[in-house]
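Novice: Turn this into a structure:
(5 chains)
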Amino acid sequence: KEQTRKTARTVFDFERWEAHRCSGRYFRHILGVFNSRIIFGLLRPLMLVILTATAVVMWESLRQAGVLPPVVPSVQLAWSKELFGLTSFALSLLLVFHTNAGYERWDGARKIWGLMLNRSRDIARQGLTYIPRDQPHLRAMLCRWVPAFSRTLMCHLRQDSDFGAHLKGVLYPHEIEAVLSSTHRPNYVLQVISEIVKSARLPLAARVKMDQNITTFHDDLGGCERILKTPIPLSYTRHTGRFLMIWLLLLPFTLVGGCGVTTIPLCATIGFLLMGIDEIGVAIEEPFSILPLEAIANSALVNIRELEAAHQADPEPDFSAAEDHHTRTALDLVSATATAGTAQRAAAAAATAASAAAVAAAAAAAAAAGAPRSWPSSPAFAN
Amino acid sequence: KEQTRKTARTVFDFERWEAHRCSGRYFRHILGVFNSRIIFGLLRPLMLVILTATAVVMWESLRQAGVLPPVVPSVQLAWSKELFGLTSFALSLLLVFHTNAGYERWDGARKIWGLMLNRSRDIARQGLTYIPRDQPHLRAMLCRWVPAFSRTLMCHLRQDSDFGAHLKGVLYPHEIEAVLSSTHRPNYVLQVISEIVKSARLPLAARVKMDQNITTFHDDLGGCERILKTPIPLSYTRHTGRFLMIWLLLLPFTLVGGCGVTTIPLCATIGFLLMGIDEIGVAIEEPFSILPLEAIANSALVNIRELEAAHQADPEPDFSAAEDHHTRTALDLVSATATAGTAQRAAAAAATAASAAAVAAAAAAAAAAGAPRSWPSSPAFAN
Amino acid sequence: KEQTRKTARTVFDFERWEAHRCSGRYFRHILGVFNSRIIFGLLRPLMLVILTATAVVMWESLRQAGVLPPVVPSVQLAWSKELFGLTSFALSLLLVFHTNAGYERWDGARKIWGLMLNRSRDIARQGLTYIPRDQPHLRAMLCRWVPAFSRTLMCHLRQDSDFGAHLKGVLYPHEIEAVLSSTHRPNYVLQVISEIVKSARLPLAARVKMDQNITTFHDDLGGCERILKTPIPLSYTRHTGRFLMIWLLLLPFTLVGGCGVTTIPLCATIGFLLMGIDEIGVAIEEPFSILPLEAIANSALVNIRELEAAHQADPEPDFSAAEDHHTRTALDLVSATATAGTAQRAAAAAATAASAAAVAAAAAAAAAAGAPRSWPSSPAFAN
Amino acid sequence: KEQTRKTARTVFDFERWEAHRCSGRYFRHILGVFNSRIIFGLLRPLMLVILTATAVVMWESLRQAGVLPPVVPSVQLAWSKELFGLTSFALSLLLVFHTNAGYERWDGARKIWGLMLNRSRDIARQGLTYIPRDQPHLRAMLCRWVPAFSRTLMCHLRQDSDFGAHLKGVLYPHEIEAVLSSTHRPNYVLQVISEIVKSARLPLAARVKMDQNITTFHDDLGGCERILKTPIPLSYTRHTGRFLMIWLLLLPFTLVGGCGVTTIPLCATIGFLLMGIDEIGVAIEEPFSILPLEAIANSALVNIRELEAAHQADPEPDFSAAEDHHTRTALDLVSATATAGTAQRAAAAAATAASAAAVAAAAAAAAAAGAPRSWPSSPAFAN
Amino acid sequence: KEQTRKTARTVFDFERWEAHRCSGRYFRHILGVFNSRIIFGLLRPLMLVILTATAVVMWESLRQAGVLPPVVPSVQLAWSKELFGLTSFALSLLLVFHTNAGYERWDGARKIWGLMLNRSRDIARQGLTYIPRDQPHLRAMLCRWVPAFSRTLMCHLRQDSDFGAHLKGVLYPHEIEAVLSSTHRPNYVLQVISEIVKSARLPLAARVKMDQNITTFHDDLGGCERILKTPIPLSYTRHTGRFLMIWLLLLPFTLVGGCGVTTIPLCATIGFLLMGIDEIGVAIEEPFSILPLEAIANSALVNIRELEAAHQADPEPDFSAAEDHHTRTALDLVSATATAGTAQRAAAAAATAASAAAVAAAAAAAAAAGAPRSWPSSPAFAN
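Specialist: Have a look, this model is predicted:
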């Protein structure tokens, strides 16, 4: 069952949305009901409900057929209708609110990872902008360790993860070793990033801005650990489970009077529908094993490499190749705004337009250069 | 069906609000029920419900008429009333909570786009205030690329968008080509904006403020991608769909005993009402194809062009034309506050009042100048 | 009906709260039921419900009385009780959740305006503190244009507003003209405020702080426009309306069997109670025509004028009049804290205490001076 | 009734929590039902419900006993069961959502006051840290006016408050007079605090940080005024009240058929239970008269005085008394960390440790000195 | 009962999540029902419900058996079914909403503590980065007092805590004494931290950043005190309790007619299920005695010690040992990026890489050094 959780790590694209919205989904849902993870997860308690229903039905049938001695009492309960009505309400509310508390945790975890992706791009952009070009090693280190953080955090939040395999191709082997030998691995990676920023000896304001992003990483890490280590209060989950099981196990005693043998499929159906709500809540309560963290971590890696390639392709703004094209652009700008009048201004404009175009050229170069490096790359979040 | 989603991209004004609040809406809603997108979207599952109901009704009618041999059992279920009561509650809660989770995603997406519009205006305002007038090309570039971001993001979030067509008239052709050849287009545009700010060599504090807005753009982009790539957990959506279909398909077996032939329209009505709730939830779960993103992106373009025109019309504060008017204003101020006593102060006041008035003049000029440029413009968000 | 919305713009004070909490409210509510705006708003659909009920009752009465030929079938539906039970639940949830989504929009709009009031006071306080006293015209302009913003925004958000009338007494006539001739009026006012701050040539940190408040104004403007231009998804509102009308129009067919003539008042009552919930949701969905924006905008005006008067009354701290009193105060302080020992400190203390007291004197002067200026002023938010 | 609201201003401690969690609470709740504020508040509408029920019961009894002429019709309504079922759902949702909207306002008000307490401590801490020791009067003024703000705000939010009595012992008499003669008293206090910070001529960064806290105070003030002046939309409250009263007044017509005389206690019980929910919502909608604002304001006063005393007790760090003790400590540190090797470092360490210890000594001194000053002090929030 | 609350302080890991998700949980829940804290907590009110039910059943049995004189009336109530239906709805909503309000408080408290853990790590990181190495005592003091804050706050929020025992091993004995003798202990610890930061004479920006974290600590402290001192409005809790008890005590009068002797177990079951919901809400309303605060406080201690050890192990970057390895790394970098060309750059790169590697070495050293210091350490949050 734990293995099947991996199949839930879906990333949607336009085609999947279209299929998702298509009214054909109802047919798929119905036909897929016996393949669903939920029904496998619930097999055992469903069996208990079905067995209880079968026992009750057989007892009553045998008694009515006169096989059992008349001294044996009926187990049929007359009062049930009203009472199930009185409590079905509280039960439904408990189930749905529990599931919604789980959904909020899941959504919170997804937002934390989204924020981490944004901030990873942001700190890389800041580093490539603020760290001077004569410190290429610091720039390269930052572009290695920032994506390493999301991979390390992913492994930290999942059982039996092979840290080494996930960091291979992101960090150098001796760096991976250093991470592996630390006690709290994500904290260690953040400490390295902190040292990189410190070593760059940036002006104060730039450093404060980058420091802020590291603080956000700390908050992301803390937020994920909070979700992982603290479940919804167990008394809440337990009481919901107890309420549900007591309710379902008493159900056949009520139904047997009116429904006879159909009590059995009936109890199974109701059990499936209601336990399914509870099961979903429990399944999304610990969200890290069902969220597509690989795709997000990968997106951080791919985006940062593109950025890095764009900046490396532009070591010194080079006007020779782009000259005629961009000078024209600059002149266009000049005539369009009809205010510039000096050659000095045109030169400044040309420089500016060129630096923007250089980014484009570099990005293309990066895309081309991506394959030969042959690092694992999923286009999921980066396309 | 996918095409009809475009019709949902509504922007309200006072007239529409009045019609919206008018109690005549109930008549419109009732009369429009057979034109509604929901009913078209649900045709197939509704057909299944109706066919099942028809089959059940025919079976029972034939059996009662004696056409079927008496050995054929009744499919009528006696227990249904209570059981539908017990589960209708949980079903309704699931449906409405699912729809509300979709509404929150829709609302979140709308707020992200609202924030992007605010920040687009803000970064343009900052750029026009902070970037010195002797760099007109940078100012013009900023006013081109900031509105280009919202257009690029719009296309990025929608299927089969023609990026080129939407960027035409916003950027120059060679710039559009550069955007089109990049791997992650919105990221590329943000990178260009980042380079523009960097090239302006602003004082630190101004740069930090503008950088903050770029970070917000990154967060907006990440937030939109999060909503687009991560649906509500599929197990939740699937279980709701299953619960609903099982419930609706069992319904005729219960109703046929009491209602006879009216079972069929009855099941159709209940099916429409309940499946409609689920359908709305699914329809707004991916909000970008139903939000009026064009209007918002256009509003960014129009507002920024107004700002730009206002600033271009005021290359150097010119007192000659406005002199008598504004000098009077300044004198009014002086006499009103009754504290100023020196000619120096009056001059300063005149300069200040004049610069404010110049904005007004420039805005009017911009409005007049808007048409000849003949760029696509929708007054929806800009009126 | 649209006119009656103005009566909803209530501002509470202690007396109204007491009446609000008093249990006599139930009597008022019941007695006022036929004067309520809701019942007028719902007259037409209620009529439809009542007419349907009457038709159904008459049909059945005539049929039972033998007036109609026996071939005419009964329109009474036997199945109704259970089915109304099954769907009343989903209907109630839809209605209440819709109303709550409207309440959140209303509450959001109120909070935006509250924030705008706080920030208006704050930017005025900053301006009067940071802009040096030798630029009285800039200080006066700021104190004119900041309250003008909330008035302009109010008119912008309401239909058929007379901008000129609302700005009269806040800005000078030629300034009002400039606002009126701009394309996007609130944006224009913000642009003027931005120019005022820019013209003051403040130190960087002060300018950044004031700029932050202008950004907040931009966010407020964008938030209000978002609420005004984007209703709750129309499919949601429409489906709720349809569900409700179908349910109410089918109701008499069920009730007529058991209730006879009382079906008519009964359907009317249920229709009023349930449609009332929907009507409230629709009424508060567009909150600007029912929120007391005048009172809030006025409060901004009155508070800022008080501040301005307080600062104008204190051109140079004047010790002569207050000397004996404040010197005593300063000495009190000195002896109380038992640490000061030099005349220099006592002088500093006297200066400090005096500046605080000057504020008090100025505020009193402002209160006295408020009337002669004879500008419109409502004490609602300022008392 | 208004007076009894004061008894709701509870502050919990460990003993009260233990009693709160103890299962004996159910017995207390049941036994206290006739002393509850709710039942007194609801006496009049409950009487109406009971009178209606009694009239209905008597009418039916007399008719059945043959006292009334047979021409008198029965007022008993047969249809009631289903219809009350159909609407009880919407009614319950309305009641509980209304109460929850009230709870959110109450919670929001409590959080605003909690924030104000935190910020009061924070601005005092900043002032005592940043304002140099040679300006003792400014430090003392800040420590007087910051706690005065929370007291002034408390009085501002409550009816018939005696500002003078609450400020006595916090400010000097002539300061109280100045506050009393201002038009908007909390605004005046904030203005004074603003002037104190301005007069201290702090370095820019410190001033900006303190200014931020003043902005937070403005937001707190605005938030409280928003809650006080804007109730939940009256149409919502009114419709809930009407729905409830119509429902309760129709109830006896239904019940009288099945329950006879027990209709009367029955209607009273249901009326009490349901109106109680509405009453709670209305009671907490205006939270300032039931929140323990005195305790919070007092806590601000006590905490700031402690801080002040701690700083005054430490005019110049004095090493003589603490020498042997702290030198040992410093040496401990040195040997423990095994890195320090020079006397210079030991001296620095001693200085540091001493300054911390001086705080302890000062706090003790303050505690001792607290009593003789004999200002009103409640230990509620300060223990 | 109060003692059993300690058992609820659970910290989850992967194994517990697997067991939590396993469908076997239903069996555990059912089998553990009689060991549950809830059932013990509810024993007394459950007894009351059972006794009432028994009395009612006996009364009716005796009356029917003819033991009681025929004059004795039946206590059976005929009307109950409908009325319990009408109110079960409002009761369920009240119970579940009350429990959810409690859950929000619990969740808020957990988030506050999570934030405190993040900020504790952050301020320690800042301190170790910003405070120069020639002030080792300040660095050591900070690393002692920051974890002391979370321990002190934990004791402050729990009854009968032995502050001394919890601070032993974190602070030196004379420091513990100073904390113990202060009036508001967490405030005192924050004051000491504030003095440490002040004594370090850091550059302004670093000081402002650290000051921000202290402000966050103040907000955390204030937030915890708010939750501890302000329960959910008592009228809400009381009315829920009253509603529930009245409902449960009237239940047997209704059921006895249809169910006879089974009324007794039935009332007990319903009582357990519904009172259990209320009990959970009350149990999590005061969250500090059931949250695993020790584990979080310990995690702060362990993480900060690791950081400190890492930095102490690296007094001066030492290149001798790591030379060959890291120089290679740096050269790898150089060749990989293919841009560096001077020896100067390689040296800078080596320095940078080395400082990162030194952190790794230091962390390992810290792990090894952790045991001999023999301070209490739980690996719960630090693994």
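
Novice: wait, what's in contact with residue A:76?
Specialist: Residue A:76 makes contact with A:60, A:253, A:254, A:256, A:257 under the criterion C-beta atoms under 8 Å, 6 or more residues apart in numbering or on different chains. In short, each C-beta sits where N, CA and C put it, glycine included.

Novice: does the residue nearest the centre of chain A sit in a helix, a strand or a coil?
Specialist: Taking C-alpha atoms, centre = their mean, the centroid of chain A lies closest to residue A:291, which sits 3.1 Å from it. Three-state call for residue A:291 (DSSP: H, G, I helix; E, B strand; the rest coil): coil.

Novice: So it is in contact with residue A:10, correct?
Specialist: No. Using C-beta atoms under 8 Å, residue A:291 makes no contact with residue A:10, being 9.6 Å away.

Novice: circling back to that earlier point, most neighbours among the contacts of residue A:76, which one?
Specialist: Neighbour tally across those (other C-beta atoms under 10 Å in any protein chain shown): the maximum, 26 neighbours, falls on residue A:256.

Novice: quick revisit: any idea how far the residue nearest to the centre of chain A lies from chain B?
Specialist: In this view, residue A:291 and chain B are 8 Å apart by C-beta to the nearest C-beta, to the nearest Å.

Novice: and if you look at residue A:42?
Specialist: Taken as C-beta to the nearest C-beta, the span from residue A:42 to chain B is 11 Å.

Novice: Name the nearest residue to that residue, sequence neighbours excluded.
Specialist: residue A:275 (5.2 Å; C-beta to C-beta, 6 or more residues apart in numbering or on different chains).

Novice: Same question for residue A:170.
Specialist: residue A:148 (5.0 Å).

Novice: before we move on, what about residue A:162?
Specialist: The nearest residue in space to residue A:162 (C-beta to C-beta, 6+ apart) is residue A:155, at 7.5 Å.

Novice: Spit out the contact partners of the one you found.
Specialist: Counting by C-beta under 8 Å, 6+ apart, residue A:155 has contacts A:161, A:162, A:163, A:166, A:185.

Novice: The fourth one: what secondary structure?
Specialist: Under three-state DSSP, the three-state class of residue A:166 is helix.

Novice: Next, the contact list for residue A:69, please.
Specialist: Residue A:69 neighbours (C-beta under 8 Å, 6+ apart): none.

Novice: avg pLDDT for the host helix or strand of the residue nearest to residue A:42?
Specialist: Residue A:275 belongs to helix A:263-285 when assigned by DSSP states H and E. Helix A:263-285 carries an average pLDDT of 90.

Novice: Mind giving me the packing neighbours of it?
Specialist: helix A:37-41, helix A:43-64, helix A:80-130, helix A:234-259, helix B:80-130, helix B:234-259, helix E:14-21 (3 or more C-beta pairs under 8 Å, 6 or more residues apart in numbering or on different chains; DSSP states H and E).

Novice: right, and the helix or strand after that helix?
Specialist: Assignment by DSSP H and E places the next element after helix A:263-285 at helix A:293-312.

Novice: any idea how far residue A:228 is from chain C?
Specialist: Going from residue A:228 to chain C by C-beta to the nearest C-beta gives 31 Å.

Novice: if we can go back for a sec, phi, psi of the residue nearest to the centre of chain A?
Specialist: Main-chain torsions, residue A:291, degrees, to the nearest 10: phi -80, psi 150.

Novice: Distance of it relative to chain D?
Specialist: Here the criterion is C-beta to the nearest C-beta. By it, residue A:291 lies 30 Å from chain D.

Novice: Check residue A:23 too.
Specialist: 29 Å.

Novice: which stretches of chain A aren't confidently modelled?
Specialist: Of all residues in chain A, those with pLDDT under 70 make up the ranges A:1-4, A:78-82, A:313-383.

Novice: domain parsing for it?
Specialist: The record's domain parsing of chain A by automatic domain parsing lists A:3-75+A:232-285, A:313-383.

Novice: Show me which positions of stretch A:149-165 end up buried.
Specialist: A:149, A:150, A:151, A:152, A:153, A:154, A:155, A:156, A:157, A:158, A:163 (16 or more other C-beta atoms under 10 Å in any protein chain shown).

Novice: so what's the residue of chain A found nearest chain D closest to, chain neighbours aside?
Specialist: Of the residues in chain A, the one nearest chain D is residue A:89, at a distance of 9.4 Å by C-beta to the nearest C-beta. In space, and not counting its chain neighbours, residue A:89 is closest to residue E:92: 4.5 Å by C-beta to C-beta, 6+ apart.

Novice: go on, residue A:257?
Specialist: Residue A:257 sits nearest to residue A:76 (C-beta to C-beta, 6+ apart), 4.5 Å away.

Novice: which SS state does the one you found fall under?
Specialist: coil.

Novice: cool, residue A:192 as well?
Specialist: Taking three-state DSSP, the label given to residue A:192 is helix.

Novice: how many other residues sit next to it?
Specialist: 25.

Novice: Assess the claim that it and residue A:145 are in contact.
Specialist: Yes. Residue A:192 lies in contact with residue A:145 (C-beta under 8 Å); the separation is 5.4 Å.

Novice: quick one: contacts for the closest residue to residue A:264 other than its chain neighbours?
Specialist: Sequence neighbours aside, residue A:53 is the residue nearest to residue A:264 in space, at 4.7 Å (criterion: C-beta to C-beta, 6+ apart). The contact partners of residue A:53, by C-beta under 8 Å, 6+ apart, come to A:251, A:252, A:255, A:263, A:264, A:266, A:267, A:268.

Novice: Let's have these in JSON lines, adding neighbour count.
Specialist: Converted to JSON lines, the contacts of residue A:53 look like this (neighbours: other C-beta atoms under 10 Å in any protein chain shown):
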{"residue": "A:251", "neighbour count": "23"}
{"residue": "A:252", "neighbour count": "27"}
{"residue": "A:255", "neighbour count": "27"}
{"residue": "A:263", "neighbour count": "23"}
{"residue": "A:264", "neighbour count": "22"}
{"residue": "A:266", "neighbour count": "20"}
{"residue": "A:267", "neighbour count": "26"}
{"residue": "A:268", "neighbour count": "16"}
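
Novice: Just want to check the distance between the residue nearest to residue A:226 when sequence neighbours are not counted and residue E:158.
Specialist: Nearest residue to residue A:226, sequence neighbours excluded (C-beta to C-beta, 6+ apart): residue E:114, at 4.2 Å. Using C-beta to C-beta, to the nearest Å, residue E:114 is found at 18 Å from residue E:158.
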